[in-house]
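Asker: coords below, sequence missing:
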């Protein structure tokens, strides 16, 4: 036994517009997340480069004082973080166009 469907009325969909402040905070959060992802990948690269004999970095690092190894890891992390943040900005701008 089938009942009759009640008539539905058409409702126009409303689109929520983001305010300029919300859009700015969203973009900054995206850039920060890209930078953190790049820093994590940079630290992973530094770890693999220091402990793998295939890269040839280990003998050079062993000849340096101990704090220079830390500098190598930080430089890798900062480098990857900056490149990842710039890539995120470039892809984000291309996505909005």
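Answerer: The structure has been received and is ready for your questions. Please read these numbers as outputs of a predicted model, since none were measured by experiment. Numbers count the residues shown, from 1 in each chain.
Asker: if we look at the worst-scoring helix or strand of the chain on mean pLDDT, which residues are touching it?
Answerer: Least confident element among the helices and strands of the chain, by mean pLDDT, DSSP states H and E: helix 58-62 (a mean of 83). With CB atoms under 8 Å, 6 or more residues apart in numbering as the test, helix 58-62 has contacts from 50, 51, 52, 68, 69, 72. Any C-beta I mention is one placed from the backbone N, CA and C, and that applies to glycine too.
Asker: so of those, which ones are in helices?
Answerer: 50, 51, 68, 69, 72 (DSSP state H).
Asker: And the residues you listed, which is closest to residue 57?
Answerer: Using CB to CB, residue 50 comes nearest to residue 57 of the ones in helices among the contacts of helix 58-62, at 6.2 Å.
Asker: For residue 35, grab the count of nearby residues.
Answerer: Residues contacting residue 35 under the criterion other CB atoms under 10 Å number 20.
Asker: thought it was touching residue 84?
Answerer: Yes: the pair residue 35 / residue 84 is scored as a contact, 6.2 Å apart, by CB atoms under 8 Å.
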